[in-house]
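> Test case, fold it:
(2 chains)
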There are 2 protein chains.
Amino acid sequence: MAALAFGHKNPDTDTVVSALAAADLKTKTGTETKAVTLGECPPETVFVLEKFGIAKPEVVTSVAGQDVVIVDTTDLSQLPDDIAEANVLAIYDHHKLGSLTTTNPLEMWVGPVGSTATMLYMAYQYNNVEIPKDLAGAMLCALLSDTVMFKSPTCTDKDKEVADELAKIAGIGDMMDLGMEMFKVKSAVDDATAEELVFRDYKDFDMSGKKVGIGQLEVVDLSMLEPRKAELAEQIKKVKAEGRHSVFLLLTDIMKEGSAMLIVSDDASVVEKAFGVAGDTEVWLDGVMSRKKQVVPNFEKAFASL
Amino acid sequence: MAALAFGHKNPDTDTVVSALAAADLKTKTGTETKAVTLGECPPETVFVLEKFGIAKPEVVTSVAGQDVVIVDTTDLSQLPDDIAEANVLAIYDHHKLGSLTTTNPLEMWVGPVGSTATMLYMAYQYNNVEIPKDLAGAMLCALLSDTVMFKSPTCTDKDKEVADELAKIAGIGDMMDLGMEMFKVKSAVDDATAEELVFRDYKDFDMSGKKVGIGQLEVVDLSMLEPRKAELAEQIKKVKAEGRHSVFLLLTDIMKEGSAMLIVSDDASVVEKAFGVAGDTEVWLDGVMSRKKQVVPNFEKAFASL
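Numbering: from 1, shown residues only, chains lettered A, B, ... in the order given. So this is what the prediction gives:
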């Protein structure tokens, strides 16, 4: 039975493409591995897979008894419920170290870089394995997506260097054109319900014992979302009512390089504690673009001091 | 303030030397880092450091507020009590993934190889940094120690390849001579109390909610330990009385390639469940040399089914 490679729940482009890359690399280094996802691919990812002619991976929910390769997370809450019954062979990630533990020694490629695709590039290079042309194009998109076209504070020089190499392999002349095309797909909000928008890139966190949900929508121009704000505020109230202390929705403007954050919380003072800006239902966070590097650490400290 | 590099409590040669290597590599790649240990070095490690003219690292117990580099473990129980208040920059390890979590993204070099020194060699190579001659000699000793001179089932082809490279850098002609010299120091039991012997390489584990201690003594000939067995059995009874469900002491014969295991347990049937050999106070485990790869996983499964 082939090993399974997958990323986090509510998959995004970096998770899906990194699972595909991990499966390709593992298979070529001797461990037959198949990429799968833990949920349906969002529109941006569908666009990327179609653009490079890559089949959409199958969705799985249970992995008990399987050999697995995990990408883009080490948080138990973002993995299948029966992950403890799987045998973890390898992890590729660029996040903080989460709550996952394993029963056996394993391989880990983890670095403080802008995308998991960047770590996969390094692992390919270390193993002297060539990256297929179409996969390199998809990996470039994953990198551009997770680094918000190099504008995220999580982006490093290594990411830029790897992006150049991937563009060469994929034969892509203007990667910023490709990035804009992709982000326009990601930004499309007209056909999506408020629920789809909130969950497009949504994660739950345990912060000092409180369940906190944080969603993020990245758009090329925030004014696109203006007519939908009331609906989105209603939707996060519903999500909060399912037993959460707070739900925050970041509406990130890629061009303005900042985020409007919609707030619903049992104690909205946590927002001022975290960011020095007070607001009961909405604040503007100038320069804040990264949930992982800016929003989560600030909230973790603020919730610890509530 | 320089970052601190350290390994697990009750340090062994791989932990101490890998901390020295991590500190050297981090410093040379731009992050000033100092190696420390979480306890006194055992005789084998003292021998290795003296042989290669390397100063013994300072002992620390608290790391709150510091930048840290962790080697050879990701288990909270084997790290300083205030590790959650430190900022983890990097981890180099070859064990299963443990209970440590971090607040920020970090760098991880983890592989299913025989020693953490092997991962450090790979990280040096990846960063194009030369390993100093004396440090390479100490790293070779760490690798030979943790792989029991390539006899441990944790040993891989990669470890053998890296050992050859380290021997070249260190100018060491016969590495097996060096290994035997080192293991004779490790085997020396005449001057040590039973307490010192039990804790020379001792670790506590949480197995399905039960506290289980497992120590290991590696000797070149088990008959050296014969006159001390009664004392050692008394000593592990004392350790068990401090609130543990079981304490096991592996007396590993490197040449015979197996271990006598001294047992003291609230339910010694766990030994038969784990290894298929019954015994109330002692069993011989043929071919068992690795606590990590053979003893811990078997006991974890056996305790889960108690």
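> Now do the longest strand along chain A: distance to the chain's middle.
For chain A, the longest strand by residue count, based on DSSP state E, is strand A:210-219. Computed by CA atoms, centre = their mean, to the nearest Å, the chain-centroid distance of strand A:210-219 equals 11 Å.
> and that strand, which strands flank it?
If you go by DSSP bridges, strand A:210-219 pairs up with strand A:202-207 (antiparallel), strand A:246-253 (parallel).
> Tell me which of those sits most buried.
strand A:246-253 (a mean of 24; mean count of other CB atoms under 10 Å in any protein chain shown). For glycine as for every other residue, the C-beta is placed from the backbone atoms N, C-alpha and C.
> Kindly export it (C-alpha atoms) in PDB.
Extracted in PDB, the C-alpha atoms of strand A:246-253 (Å, rounded to 0.1, in the frame of the first residue of the first chain):
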ATOM      1  CA  SER A 246     -13.600  34.500  19.700                       C
ATOM      2  CA  VAL A 247     -13.600  34.400  15.900                       C
ATOM      3  CA  PHE A 248     -11.500  36.900  13.900                       C
ATOM      4  CA  LEU A 249     -11.700  37.300  10.100                       C
ATOM      5  CA  LEU A 250      -8.700  39.000   8.500                       C
ATOM      6  CA  LEU A 251      -9.500  40.800   5.200                       C
ATOM      7  CA  THR A 252      -6.100  41.300   3.900                       C
ATOM      8  CA  ASP A 253      -5.400  43.900   1.200                       C
END
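> any idea of the mean pLDDT in the next helix or strand after it?
From strand A:246-253 onward toward the C-terminus, using DSSP states H and E, the following helix or strand is strand A:258-265. For strand A:258-265, mean pLDDT is 96.
> same deal with stretch A:77-97?
Rounded mean pLDDT across stretch A:77-97 is 97.
> from the chain's centre, how far out does that stretch sit?
15 Å.
> how about that stretch: buried residues?
Neighbour counts over stretch A:77-97 (16 or more other CB atoms under 10 Å in any protein chain shown) mark A:77-80, A:83, A:86, A:88-97 as buried.
> Chain B next: which of the residues you listed are close?
A:88, A:91, A:94-97 (CB under 8 Å from any CB of the partner chain).
> how about the residues you listed in TSV, adding distance to A:A138?
TSV is the format used below for these (distance: CB to CB, whole Å):
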residue	distance to A:A138
A:V88	24
A:I91	20
A:H94	17
A:H95	20
A:K96	25
A:L97	27
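> Just the CA coordinates for the longest strand of chain A, please, in PDB.
In PDB, the C-alpha atoms belonging to strand A:210-219 read as follows (Å, rounded to 0.1, in the frame of the first residue of the first chain):
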ATOM      1  CA  LYS A 210      -9.900  29.100  24.900                       C
ATOM      2  CA  LYS A 211     -11.000  28.000  21.400                       C
ATOM      3  CA  VAL A 212     -10.200  30.800  18.900                       C
ATOM      4  CA  GLY A 213     -11.000  30.800  15.200                       C
ATOM      5  CA  ILE A 214      -9.000  32.900  12.800                       C
ATOM      6  CA  GLY A 215     -10.000  33.200   9.100                       C
ATOM      7  CA  GLN A 216      -8.200  35.100   6.400                       C
ATOM      8  CA  LEU A 217      -9.300  36.400   3.000                       C
ATOM      9  CA  GLU A 218      -6.600  37.900   0.800                       C
ATOM     10  CA  VAL A 219      -7.800  40.300  -1.900                       C
END
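> Check which helices and strands whichever helix or strand comes after it sits against.
Moving toward the C-terminus from strand A:210-219, the next helix or strand (DSSP H and E) is helix A:229-240. When contacts are defined as 3 or more CB pairs under 8 Å, 6 or more residues apart in numbering or on different chains; DSSP states H and E, helix A:229-240 sits against helix A:194-199, strand A:210-219, strand A:246-253, strand A:258-265.
> which residues are in contact with the longest one?
Counting by CB atoms under 8 Å, 6 or more residues apart in numbering or on different chains, the neighbours of strand A:210-219 from elsewhere in the structure are A:148, A:183, A:186-187, A:189, A:197-206, A:225, A:236, A:239-240, A:243-254, A:259, A:291, A:295-296, A:299, A:303, A:306.
> Cheers, nothing more for now.
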